[in-house]
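Peer 1: sharing a model prediction with you, sequence too.
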Amino acid sequence: MKNAFVFLIIVFLAGCSASPSKLASVAKNESARLGVTARPLSEFSDFELKPMELSAGVAERNEKVKIAKQLEDSLRSRLLTLIEEWKADKASPRTVGTLVIQPKLQSLRIVSGGARFMIGAWSGDSIVDMNLELTDGKTGTIIANPRITQTASAMGGAWSVGSTDRNLLDYIVEIAYQYLVDNYKKQENK
């Protein structure tokens, strides 16, 4: 009986993780909502991904800094791969200097799995709020500064025993990635 219960918990928790198709769907919808950049990203000849800046509210709490580091590592991994693809793309005009990509984490609250298990929805919502500032490195002109925000509701977190809370970082990374992809491709054909 105990083994069956553990198996059901594992199956339930595995089913609550964000599937690649769900991540992609949310990322496409959110990216479209964020609008377009002032200049096509395909015009830039080089790309620089800066380390994530943390707001004072995030930087002052060790547990938030640890989660922010996880977010930054995932974001760097995903975006550096994209940047390498862009650098290899010989079909783009490449007339402008360097695109500086600066993630700025404004707010972060991820309810722990233990809190979800013990007090459920009373733990409150989880939220990640990040700006993705895109700047022309030559002129210092900001060409876009989309605000990427995702929330996991208290009830969703309670029902999933924290899976929706843990998935927030993946959603933020995928939305940032999709926004850059969309603004590289979309404006190429204008």
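Peer 2: Noted; the coordinates are in hand.
Peer 1: where does pLDDT dip in the protein?
Peer 2: 1-17, 23, 110-125, 151-166, 186-190 (pLDDT under 70).
Peer 1: can you name the next helix or strand after the helix ranked longest in it?
Peer 2: Longest helix of the chain, by residue count under DSSP state H: helix 62-88. Next helix or strand after helix 62-88 toward the C-terminus (DSSP states H and E): strand 96-109.
Peer 1: give the buried residues for that next one.
Peer 2: Neighbour-count burial for strand 96-109 flags 96, 99-106, 108-109 (criterion: 16 or more other CB atoms under 10 Å). From N, CA and C alone the C-beta is placed, and that goes for glycine too.
Peer 1: what helix or strand does residue 150 sit in?
Peer 2: strand 147-152.
Peer 1: try residue 131
Peer 2: strand 126-136.
Peer 1: and that strand, what does it pack onto?
Peer 2: strand 96-109, strand 142-144, strand 147-152, helix 163-185 (3 or more CB pairs under 8 Å, 6 or more residues apart in numbering; DSSP states H and E).
Peer 1: kindly reformat these as a markdown table containing distance to residue 30.
Peer 2: What follows is these, written out as a markdown table (distance: least, CB to CB, whole Å):
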| stretch | distance to residue 30 |
| --- | --- |
| strand 96-109 | 15 |
| strand 142-144 | 14 |
| strand 147-152 | 7 |
| helix 163-185 | 5 |
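Peer 1: any idea which of the ones you listed gets closest to residue 58?
Peer 2: strand 96-109 (5.0 Å; CB to CB).
Peer 1: picking that back up, note down every partner strand of the strand holding residue 131 and its orientation.
Peer 2: Using DSSP bridges, strand 126-136 pairs in its sheet with strand 96-109 (antiparallel), strand 142-144 (antiparallel), strand 147-152 (antiparallel).
Peer 1: which parts of the longest helix of the chain are buried?
Peer 2: 64, 67-68, 71-72, 74-76, 79, 82-83, 86.
Peer 1: thanks a lot, catch you later.
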